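> I need the structure of the sequence given here:
(one chain, ligands or ions: 1)
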Amino acid sequence: MTSAPPVGGRTELRVAARTVGLVKVYGSGEAAVRALDGVNLDIHAGKFTAIMGPSGSGKSTMMHCLAGLDAASGGGVFLGQTDLTRLSDRDLTALRRDRIGFVFQSFNLLPQLTALQNILLPLELAGRQPDRQWLDMLVGVLGLGQRLGHRPSELSGGQQQRVAVARALVTRPEVVFADEPTGNLDSRSGHELLTLLRRSVHEFGQTVVMVTHDPAAATFADRVVLLADGKLAGEIFRPTQDSVLDALRRLGV
Ligand SMILES: Nc1ncnc2c1ncn2[C@@H]1O[C@H](COP(=O)(O)OP(=O)(O)OP(=O)(O)O)[C@@H](O)[C@H]1O
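Numbers count the residues shown, from 1 in each chain. A predicted model of the protein is given here:
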């Protein structure tokens, strides 16, 4: 039986999520694709981690496995001490609802709900009451106070993305996963969004994991983890645009 390795360890960093020998194979026989090939990765709690690498290197697969959206083919995936590979579909759904936040590139807001209703949806699904102070703070920091009664179609792309961020943070999840969160934004809105994610980490202790192709976006992270061909291919602490570009170049991007 796989059990969660001790949290902490030599670096004194707390571990929010962890993969142990993670393997993910799509398809079977001749058509099988080994998207992840034995990845051991710790996601540090209260830190902003970016996952980067060439197209097809396994970034989205990694994130989907970590977030319990995709089942591992082998190895372990832990959120805190919980091994996701041992959970039933029902328990995984509850875990995603109660312990994880998501920010998708396409926002995924419900069009018939107002901004506020979208933000509160995860709490409603979990049968929890909003923490009024936290909600007010999020809405204030995100500059959404005047827009709470609007539907997504009445909001700009940047505003929609801020609603999506508020929705991801409202439950104070153990980890927020962001998949190319700036992909559909102009550069100013993208910069604002990354600043918000970074503030949620450094001011509120949130753990954030982001998949991105953008070296400028990666500089908002505390650490960049590089993937190539489904394997870990390095990491950069306190990334700069130059150090990220160098690393990507070495990987043939
Ligand atoms: N549902 C699937 N069925 C079959 N193969 C898949 C599936 N999803 C991903 N793959 C394959 O797994 C590998 C890793 O894909 P993944 O989407 O994780 O890469 P990525 O690094 O996120 O790529 P990109 O930067 O292009 O988004 C690729 O070879 C991809 O074609």
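> what's the helix or strand for the spatially closest residue to residue 229 that is not a sequence neighbour?
Of all residues beyond its chain neighbours, the one nearest residue 229 is residue 57 (6.3 Å), with distances taken as C-beta to C-beta, 6 or more residues apart in numbering. Backbone N, C-alpha and C define where each C-beta goes, glycine included. Taking DSSP states H and E as the definition, one finds residue 57 inside no helix or strand.
> and the helix or strand hosting residue 248, what does it pack onto?
Taking DSSP H and E as the criterion, residue 248 maps to helix 241-250. For helix 241-250, the packing partners by 3 or more C-beta pairs under 8 Å, 6 or more residues apart in numbering; DSSP states H and E come out as strand 48-52, helix 215-218, strand 223-228, strand 231-237.
> tabulate the ones you listed in a markdown table, adding columns for distance to the ligand and mean pLDDT.
Formatted as a markdown table, these follow (distance: least, C-beta to the nearest ligand atom, whole Å; pLDDT from 0 to 100):
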| stretch | distance to the ligand | mean pLDDT |
| --- | --- | --- |
| strand 48-52 | 8 | 98 |
| helix 215-218 | 13 | 96 |
| strand 223-228 | 7 | 98 |
| strand 231-237 | 12 | 97 |
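> could I get the ones you listed as JSON lines with mean neighbour count and distance to residue 106?
Formatted as JSON lines, the helices and strands packed on helix 241-250 follow (neighbours: other C-beta atoms under 10 Å; distance: least, C-beta to C-beta, whole Å):
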{"stretch": "strand 48-52", "mean neighbour count": "26", "distance to residue 106": "19"}
{"stretch": "helix 215-218", "mean neighbour count": "22", "distance to residue 106": "17"}
{"stretch": "strand 223-228", "mean neighbour count": "22", "distance to residue 106": "22"}
{"stretch": "strand 231-237", "mean neighbour count": "16", "distance to residue 106": "28"}
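> nearest to residue 110, of those?
helix 215-218 (26.3 Å; C-beta to C-beta).
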